[in-house]
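> would you be able to build a 3D model of this:
(chains A and B)
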Amino acid sequence: SAVISQKPSRDICQRGTSLTIQCQVDSQVTMMFWYRQQPGQSLTLIATANQGSEATYESGFVIDKFPISRPNLTFSTLTVSNMSPEDSSIYLCSVQTGLLTDTQYFGPGTRLTVL
Amino acid sequence: AQKITQTQPGMFVQEKEAVTLDCTYDTSDPSYGLFWYKQPSSGEMIFLIYQGSYDQQNATEGRYSLNFQKARKSANLVISASQLGDSAMYFCAMSLSGGYQKVTFGTGTKLQVIP
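Okay, here's the model as predicted:
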């Protein structure tokens, strides 16, 4: 398994502003994933982040809105840009600890409210 | 594409009783993994149990067991001896095996344990 931390744990932001969410893992991992969970909904993958290359975005998500950085093998950030109330969600990062396992472990999530 | 269906939006169970949460899945790929996650009101996603598509035996982890019926494409979670702390949302999920794959989630089942 892996121990994953996220900062901030929650935030309340004004529309039009941006928030950067940090994800830290206690071991080196090749791939990190960012998911969004809108209120009362299931999780949806935003993008996958491989160290040293640009993130790969799912359909419906774009880099200008959700820029991602992956500077090393234990850290990643997701920025939610130019926020609107529709961006109010829980944002979760996850990791897959290796190619021999399918399991993804999740961080505690960042609960974002946009006013 | 993979699809997960959870048909029980909510379930009640008496403390110390067993409960089964239903999950069916759809994929044309022969190699995949099935997961169950627990999400308390705090928002974190807690990994509970994993079943690989080629595993001959049903997975068990403590009080959790996964009833895997491959021909029926079902992967039900059984929680034995329910505890009050089991009250949470439960998500069934799957991913293809091999490499780094996204996890596809069901809509979740809200379990409430009654004292």
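
> run through the strands of the chain in chain order.
Here I'm looking at chain A. A:4-7, A:10-13, A:19-25, A:31-37, A:43-50, A:56-57, A:68-72, A:75-80, A:89-96, A:104-106, A:110-114 (DSSP state E).

> chain B is the one I meant
Taking DSSP E as the criterion, chain B carries its strands at B:3-5, B:10-14, B:19-21, B:24-26, B:32-39, B:46-52, B:60-61, B:64-69, B:74-79, B:88-96, B:104-105, B:109-114.

> any idea which of those gets closest to A:P8?
strand B:32-39 (18.9 Å; C-beta to C-beta). Every C-beta, even on glycine, is put in place using the N, C-alpha and C of the backbone.

> which strands and helices sit next to the closest one?
When contacts are defined as 3 or more C-beta pairs under 8 Å, 6 or more residues apart in numbering or on different chains; DSSP states H and E, strand B:32-39 packs onto strand B:46-52, strand B:64-69, strand B:74-79, strand B:88-96.

> wait, does the longest one contact chain A?
Yes: under the criterion of C-beta under 8 Å from any C-beta of the partner chain, strand B:88-96 makes contact with chain A via B:91, B:95.

> so for that strand, mean pLDDT?
What strand B:88-96 shows for mean pLDDT is 96.

> give me the pLDDT for the spatially most central residue of chain B.
Geometric centre of chain B, nearest residue: B:W36, 3.2 Å, by C-alpha atoms, centre = their mean. pLDDT, B:W36: 98.

> same question for A:T30.
88.

> please report how far the residue nearest in space to the middle of chain A lies from B:S80.
Central residue of chain A (C-alpha atoms, centre = their mean): A:W34, 3.3 Å from the mean position. A:W34 sits 34 Å away from B:S80, going by C-beta to C-beta, to the nearest Å.

> likewise for A:Q38?
Look at A:Q38 and B:S80: by C-beta to C-beta, they are 33 Å apart.

> which residue packs closest to B:V78, ignoring adjacent ones?
B:S65 (4.7 Å; C-beta to C-beta, 6 or more residues apart in numbering or on different chains).
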